[in-house]
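J.: predicted model and sequence below, questions to follow.
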There are 2 protein chains.
Amino acid sequence: MTPLDVVVALAVAVVALAILAAWRAGHTMVAAPMTQLAASLDAPRSSRPRIVILGGGFGGVYAAKALEQAQRRRDDFEVVLISRENYFVFQPMLPEVISGTIGLFDTVSPLRQMLSRTEVHVREIARIDLERRVVQTSPGFHPHAHEIPYDHLILALGNVTDFRGMRGLPEHAWPFKTLADAVALRNHVIRTLEEAAIERNEPVLVEQLLTFVVAGGGFSGVEIVAELNDFVRAVARRYRGIDQSRIRVVLLHGQARILPELAPSLGEFAARKLAARGVELRLRARLEAATAEGAVLVGGDRIATRTLVSTVPSSPHPLLEALALPKAKNGRIPVDRFLQVEGHPALWALGDCAFALTAHGEPVPPTAQHATRQAAVVAHNVLARLRGTPAKAFDFGGLGKMGSLGHRSAVAEILGIKLSGFLAWFMWRTIYLSKVPGWGRRLKIAVAWTLDLFLPPELVQLRLGEQAGIGKEHFEPGDIVFRQGDLGDRLYIVLEGEAEAVQETAGESRVLGKIVAGQFFGEKALLQASGRSATIRCVKAMDALSLPKREFGLLTTHLRGLRRSFEEVVTERDRQTPSKTE
Amino acid sequence: MTPLDVVVALAVAVVALAILAAWRAGHTMVAAPMTQLAASLDAPRSSRPRIVILGGGFGGVYAAKALEQAQRRRDDFEVVLISRENYFVFQPMLPEVISGTIGLFDTVSPLRQMLSRTEVHVREIARIDLERRVVQTSPGFHPHAHEIPYDHLILALGNVTDFRGMRGLPEHAWPFKTLADAVALRNHVIRTLEEAAIERNEPVLVEQLLTFVVAGGGFSGVEIVAELNDFVRAVARRYRGIDQSRIRVVLLHGQARILPELAPSLGEFAARKLAARGVELRLRARLEAATAEGAVLVGGDRIATRTLVSTVPSSPHPLLEALALPKAKNGRIPVDRFLQVEGHPALWALGDCAFALTAHGEPVPPTAQHATRQAAVVAHNVLARLRGTPAKAFDFGGLGKMGSLGHRSAVAEILGIKLSGFLAWFMWRTIYLSKVPGWGRRLKIAVAWTLDLFLPPELVQLRLGEQAGIGKEHFEPGDIVFRQGDLGDRLYIVLEGEAEAVQETAGESRVLGKIVAGQFFGEKALLQASGRSATIRCVKAMDALSLPKREFGLLTTHLRGLRRSFEEVVTERDRQTPSKTE
């Protein structure tokens, strides 16, 4: 019996106990199917007051839970929650999806399992009408909108990754907010390894493929870079033809120290731990722009990479911008200490989309512990308004902060006590496991963590709907859009900036001309199914619309006039710059 | 202690044993990282003979495994396997992904974990050149092709779902071959439930949303319909607003009896079991066409549905069509009893893309048991050719057939013995579990099966890259493309067939005109951001290109001339048919 056998046997015992606990809990949990048909929302209003919650994150879901618990009888009031996804994401564990430490679905909980008496609408929200007290959702299978009137509206829309105004980031940086983001990033990382194993004769490409950059050294950036680093280094060993010494994982951080939310000693501990595991830390480095082939830093430095994850800029949900309400810093909605929007007795806001103050008079930080406590306060106060009972002020001061560094290490600051290393990691796992909603989910995570102790990481690439369609691309000066002789795979339409076409003939290179905003290029190789007849090089930072071969083909085949106008341009360009090789 | 507690405790014990076994097996399995850089494939040929295998299914992967095992020393010969995905799919368990009985990744195994000494290329295959003995793969990140020369080529490309020539199926039927197909179907089914819960005022739409149709009553159709039925009925209970009595799950089958591969009594057993669980069997019913809103049967019957899965038509990989080789029935490549393509000493074929005969002189059926045994024979014979040793003929006769019916029931016919019900199901699970590659995977499946005994099914909808982009749609005569007043969400370009525009004014409906191939419609609501000004009804079976609002907007904003030409058409149409309401 080796020590590891003991660990495994113990883990199994824990799992067994958990199974029995879950089984007993499951009896009450799984029961009570919802067969009763709720009254239609589009139909004339029932006499019950309706509370509508926008957003399925910590704020929205815990507000709905609190309201459900306060429901006195079935028809006391009704609760409608509108969410883009049909599940709740347990954000703190999302980075573990990258490495597959836990199952894909283990970070999320179906809303309908958490909220049995709430009417859940899985739709995008199109518009909020504060005058008419109506929320409009975007269409589903049928192209018509839905309107949901409310008596009280709770805004819990969180924030969104917002790369606007950052050159090339909307096109080329990976956000990391949703389960789909995590899965897409994981698949992309596996693809870069697959390609690095094939393209080993292209050193420049291999360098880009084997470099992984995460921007932002706060909790989320640190957790992502830790998981990414562990995952890439663990699975790369399986690839023949990947030289592991060429793998680079880089963390960019604008300040002098990572994890600025924590005490300096903890940030330094995290930095040492990450560095020891092979993460390159670039402090005081800020991202300025991104292209398909690299990250551009303020000051001009470039890091060649095909994988740039940015956790940095987030702003409130775009719906809030359209609301005629005063906004606080970062566009958040200011609320009073009862979490009500001033001057709007039926409007409440909480979580990352609201600007509220803690008991200490500081702005409420964007954490789950605050959002869930705000949720209880909002639920209480909405009901107090409906029932004429006293309201309650939000006065939570925060318990502490934790960040996982992977590989059985973490940092934490709880009730003023600083912890780092294995103990912090053990606490991280225990506390978060206890916070995950539902015994079934906890059990699955416990099992996954146990199996992860000795099974190799999953390296299955789950490609779903990869056809990117029409998109945008960003190029920095000097970037090559494509090279003479490449296969023609897409047409580019210049939206902003400038490029030049260069032709190589017998070792001599000649500039054919400039391409500016409103013009397109790349049509010839598509129309004539030939290789690229020239190299296109970006001259001034350029945004371009990119139309893949398939879409170009469908449109030019079927839209009369479109093909003809492309062909005219080809003829004109050929006349102006006759190719010497033809 | 209830009987269920006993079951759970027993299951846990089994899992514990499996864990320890896996742990021991894992020691040898997980080790041996591949750090050695293999010689570049694009570089001048090494002196070692290279065997290239096309396809990552049972045939290709087991041939590579057999070759690896026969490798005498490291540099004896090299094996390259080219596959579209980086994983091997254990097809028999794929339907369990629908219900989430096992984890998403539990039906698949990473190729690199199964094949440690094979060079794996994850790429599409673009072309096979038998003359030059070269395989060309499609581009990765860089737009240039790769060429891989071979000494021996093994075709193991399997078959593909082929809806060509079936009206509307390519556009509207769900295939079920790959992991991505299974995940996409699962997400779609959850989406239909979400929408049925919201759209409860639209009885026609709700009927479509709550009807699920599977075409094909062979093994794969039966297993899919059984899993789909279990899943939909289990999770629908969670949805307020879904009337469970309105759920229909339909199995279409062209013959008089399902599972024609098995003895009649087993087919009848399966039919009774499915019917008892609520599956409607429609025998002697063949699919003729499909639209977004329904399945059209031969004879004209229609079933209103938004979910049509078809397992029926499969044909060999399209690459084979392009090869100048004689073809057998269904386009398969005929091989001799050594699995060599006649007249091509360096070319071999096996599995579903080959036409071979069993020991009894019958065509080899498309099953895993045959493909894996062919793989061993091919590997032996290729090496025999290289080493000048005697070849071996394929003479496997088959062991039996099994099909799961879900819910602890199955049918099987093994070595002539017929089994049905629980015993067959227990055998199904045991045999397939033992066939899944790798102890780690087996363990995960055993754990998932154990948890599935008492945890509720997952109903998380994993939406990835759902932006469909430019696509095709099919309409049957009488179908409504859109209705007057609907939101304008896309432009249609008619490829074939005919539609008419109808306008309702003050209760009176008036035909505005016909739209035929080459014309487009729907541009007005997009250009003017208004509702649809008329209803479009299909008159003759119509195929149309569908251009979503986003793509239409991007193109008309940036392609000079395109917007103008659309606007001219709007003006012209308005002139010809002035709307009375305007």
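T.: Perfect, thanks for sending it. Numbering: from 1, shown residues only, chains lettered A, B, ... in the order given.
J.: wasn't residue A:51 part of a strand?
T.: Yes: under DSSP: H, G, I helix; E, B strand; the rest coil, residue A:51 sits within a strand.
J.: burial of the residue of the stretch 351-500 of chain A found nearest chain B, as a residue count?
T.: Chain B sits closest to residue A:469 of the stretch 351-500 of chain A, with a gap of 3.1 Å, by Cβ to the nearest Cβ. Quick note: C-beta positions are derived from backbone N, CA and C, even for glycine. Other residues near residue A:469 come to 20 when the count uses other Cβ atoms under 10 Å in any protein chain shown.
J.: for residue A:81, same thing?
T.: 25.
J.: for it, which three-state class applies?
T.: Counting by three-state DSSP, the backbone at residue A:81 sits in strand.
J.: touching, residue A:494 and residue A:522? I think so.
T.: No: assessed by Cβ atoms under 8 Å, residue A:494 is found out of contact with residue A:522, at 10.6 Å.
J.: which of the two has more neighbours?
T.: Higher neighbour count among residue A:494 and residue A:522: residue A:522, with 27 against 22, using other Cβ under 10 Å.
J.: how near is that one to chain B?
T.: Distance of residue A:522 to chain B, given as Cβ to the nearest Cβ, to the nearest Å: 11 Å.
J.: tell me the bridge partners for the nearest residue to that residue once chain neighbours are set aside.
T.: Using Cβ to Cβ, 6 or more residues apart in numbering or on different chains and skipping the chain neighbours, the partner closest in space to residue A:522 is residue A:491 (4.7 Å). Applying DSSP bridges to residue A:491 gives these bridge partners: residue A:547.
J.: which ones are touching residue A:491?
T.: By Cβ atoms under 8 Å, 6 or more residues apart in numbering or on different chains, the contact set of residue A:491 is A:520-523, A:526, A:546-547, A:552.
J.: now these in JSON lines, with secondary structure?
T.: Shown next, in JSON lines, are those (three-state DSSP):
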{"residue": "A:520", "secondary structure": "strand"}
{"residue": "A:521", "secondary structure": "strand"}
{"residue": "A:522", "secondary structure": "coil"}
{"residue": "A:523", "secondary structure": "helix"}
{"residue": "A:526", "secondary structure": "helix"}
{"residue": "A:546", "secondary structure": "strand"}
{"residue": "A:547", "secondary structure": "strand"}
{"residue": "A:552", "secondary structure": "helix"}
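J.: what does the stretch 351-500 of chain A put close to chain B?
T.: Within the stretch 351-500 of chain A, the positions adjacent to chain B are A:440, A:443-444, A:447, A:451, A:454-456, A:458-470, A:482, A:485-489, A:493, A:495 by Cβ under 8 Å from any Cβ of the partner chain.
J.: so which bits of stretch A:423-438 are buried?
T.: Buried residues in stretch A:423-438, defined by neighbour count with 16 or more other Cβ atoms under 10 Å in any protein chain shown: A:424-425, A:427-429, A:432-433, A:436-438.
J.: quick one: low-confidence residue ranges for the stretch 301-450 of chain A.
T.: Low-confidence segments of the stretch 301-450 of chain A (pLDDT under 70): A:313.
J.: can you point out the buried residues in stretch A:521-529?
T.: Neighbour-count burial for stretch A:521-529 flags A:521-527 (criterion: 16+ other Cβ under 10 Å).
J.: that older thread, so the residue of the stretch 351-500 of chain A closest to chain B sits against residue A:545, correct?
T.: No: checked against Cβ under 8 Å, the pair residue A:469 and residue A:545 is beyond contact range at 11.2 Å.
J.: quick check: residue A:567 is in a strand.
T.: No: according to three-state DSSP, residue A:567 belongs to no strand; its state is helix.
J.: for it, what are its contacts?
T.: Residue A:567 makes contact with residue A:527, according to Cβ under 8 Å, 6+ apart.
J.: check contacts around the nearest residue to residue A:421 once chain neighbours are set aside.
T.: Sequence neighbours aside, residue A:409 is the residue nearest to residue A:421 in space, at 5.6 Å (criterion: Cβ to Cβ, 6+ apart). Residue A:409 sits next to A:273, A:420-422, A:424-425 when contact means Cβ under 8 Å, 6+ apart.
J.: can you tell me if stretch A:150-160 touches chain B.
T.: No: Stretch A:150-160 is not in contact with chain B by Cβ under 8 Å from any Cβ; minimum separation 15.9 Å.
J.: thinking again about what came up before, restrict the residues of the stretch 351-500 of chain A next to chain B to the buried ones and give me that as a PyMOL selection.
T.: Here is the PyMOL command that selects the buried residues among those (16+ other Cβ under 10 Å):
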select buried, chain A and resi 440+443+444+447+451+454+455+456+458+459+460+461+462+463+464+469+470+482+486+487+488+489+493+495
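J.: for residue A:196, what are phi and psi?
T.: phi -60, psi -30 (degrees, to the nearest 10).
J.: end to end, how far does stretch A:447-456 reach?
T.: Taking Cα to Cα, to the nearest Å as the measure, stretch A:447-456 stretches 15 Å from start to finish.
J.: how far does that stretch sit from the chain's center?
T.: Centroid separation for stretch A:447-456 versus its chain: 26 Å, with Cα atoms, centre = their mean, to the nearest Å.
J.: go on, stretch A:515-524?
T.: From the chain centre to the centre of stretch A:515-524 is a distance of 33 Å (Cα atoms, centre = their mean).
J.: who touches stretch A:427-437?
T.: Residues contacting stretch A:427-437 (Cβ under 8 Å, 6+ apart): A:88, A:90, A:92-93, A:109, A:114, A:368, A:402-404, A:410, A:412, A:414, A:419, A:442, A:445-446, A:449.
J.: again, 10 Å this time
T.: Here stretch A:427-437 makes contact (Cβ atoms under 10 Å, 6 or more residues apart in numbering or on different chains) with A:18, A:58, A:61-62, A:65, A:88, A:90, A:92-93, A:106-110, A:113-114, A:223, A:368-369, A:372, A:399-400, A:402-405, A:408-412, A:414, A:419, A:441-446, A:449.
J.: for the residue in the stretch 101-250 of chain A that chain B sits nearest to, grab the count of nearby residues.
T.: Nearest residue of the stretch 101-250 of chain A to chain B: residue A:237, at 3.5 Å (Cβ to the nearest Cβ). When counting by other Cβ under 10 Å, one arrives at 15 neighbours for residue A:237.
J.: mind listing the strands for the stretch 51-200 of chain A?
T.: Using DSSP state E, counting those that start in this stretch, the strands assigned to the stretch 51-200 of chain A run over residues A:78-83, A:87-89, A:108-110, A:119-122, A:125-129, A:134-137, A:146-149, A:152-155, A:159-161.
J.: now stretch A:350-366 - C-alpha only, PDB.
T.: Extracted in PDB, the C-alpha atoms of stretch A:350-366 (Å, rounded to 0.1, in the frame of the first residue of the first chain):
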ATOM      1  CA  LEU A 350     -27.500  45.200  -7.200                       C
ATOM      2  CA  GLY A 351     -24.300  43.400  -8.000                       C
ATOM      3  CA  ASP A 352     -21.800  44.600 -10.500                       C
ATOM      4  CA  CYS A 353     -24.200  46.800 -12.400                       C
ATOM      5  CA  ALA A 354     -25.100  48.800  -9.300                       C
ATOM      6  CA  PHE A 355     -23.000  51.400  -7.400                       C
ATOM      7  CA  ALA A 356     -23.600  50.900  -3.700                       C
ATOM      8  CA  LEU A 357     -21.600  51.500  -0.600                       C
ATOM      9  CA  THR A 358     -20.500  49.000   2.000                       C
ATOM     10  CA  ALA A 359     -21.000  49.400   5.800                       C
ATOM     11  CA  HIS A 360     -17.500  51.100   5.800                       C
ATOM     12  CA  GLY A 361     -18.600  53.600   3.200                       C
ATOM     13  CA  GLU A 362     -16.500  52.100   0.400                       C
ATOM     14  CA  PRO A 363     -17.900  51.100  -3.000                       C
ATOM     15  CA  VAL A 364     -19.100  47.500  -2.900                       C
ATOM     16  CA  PRO A 365     -16.500  45.400  -4.700                       C
ATOM     17  CA  PRO A 366     -17.700  43.100  -7.500                       C
END
